[in-house]
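Visitor: Pasting a predicted model and its sequence here:
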Amino acid sequence: MKKEKFIALANAIGASDMAEKVFPMLEKQMECIVDYVKAVYMMDIQIQIMNARTIDKDEAIEKLHDLDVKRRRYHDAAIAALSVCNKMSERFGAAPIYDGDMDDRHEVADFCGDFVKEVFDSATNASYSPKTILEKLLEG
């Protein structure tokens, strides 16, 4: 469902005369969402490595703080990206990509994780291939 909203927005932008200007902005917003999810996963991996290394307690606290600050920056960027996507949706007449509470950081985090998982899972059953994409481009 989340991926379909993104596709509907991309199609609405593609039907406009602003597509060439707006598509790079949309891509940047999607990257922010993916980057946040990656940061969460990497933080967990780094914590496990840190635990296995049995580093000094003060060093561990400092490293954990640094990891959390980095993750929070990515989270803030993902929230801003969803806000921009929703503004794009409004501008181009598509349903908002995110219709939850933008102030609920946990809800936003869950949405981002679910979105990335949905996109990843659907890639294994994709109805497209480089050949079909090329054929579509050659049609136009």
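Guide: Alright, I've got the coordinates. Residues are numbered from 1 along each chain as shown.

Visitor: Mind jotting down where the helices sit in the protein?
Guide: Here the chain has its helices, by DSSP state H, at 2-14, 19-53, 57-92, 105-123, 130-139.

Visitor: Turn those helices into TSV, including mean pLDDT, mean neighbour count and distance to residue 99.
Guide: C-beta coordinates here come from the backbone N, C-alpha and C atoms, glycine included. Output for these, formatted as TSV (pLDDT from 0 to 100; neighbours: other CB atoms under 10 Å; distance: least, CB to CB, whole Å):
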stretch	mean pLDDT	mean neighbour count	distance to residue 99
helix 2-14	93	17	9
helix 19-53	92	15	15
helix 57-92	94	16	8
helix 105-123	89	15	9
helix 130-139	61	9	30
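
Visitor: Mind putting those into TSV with distance to residue 98?
Guide: Compiled in TSV, these are given as follows (distance: least, CB to CB, whole Å):
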stretch	distance to residue 98
helix 2-14	8
helix 19-53	9
helix 57-92	4
helix 105-123	6
helix 130-139	27
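
Visitor: Residue 13 is in contact with residue 88, isn't it?
Guide: Yes - counting by CB atoms under 8 Å, residue 13 touches residue 88, with 6.9 Å between them.

Visitor: Give the residues shared as contacts by those two.
Guide: Common contacts of residue 13 and residue 88 (CB atoms under 8 Å, 6 or more residues apart in numbering): 22, 26.

Visitor: Please report phi then psi for residue 99.
Guide: phi -120, psi 20 (degrees, to the nearest 10).

Visitor: what's the burial count for it?
Guide: Neighbourhood size, residue 99 [other CB atoms under 10 Å]: 11.

Visitor: tell me the contacts of residue 68?
Guide: residue 43.

Visitor: at 10 Å what do you get?
Guide: Counting by CB atoms under 10 Å, 6 or more residues apart in numbering, residue 68 makes contact with 43, 47.

Visitor: same deal with residue 32?
Guide: If a contact means CB under 10 Å, 6+ apart, then residue 32 has 74, 75, 76, 77, 78, 79, 80, 81, 82, 84, 85, 112 as its contacts.

Visitor: and if you look at residue 36?
Guide: Contacts of residue 36 were listed using CB under 10 Å, 6+ apart, and they are 71-79, 81-82, 108-109, 112-113, 116.
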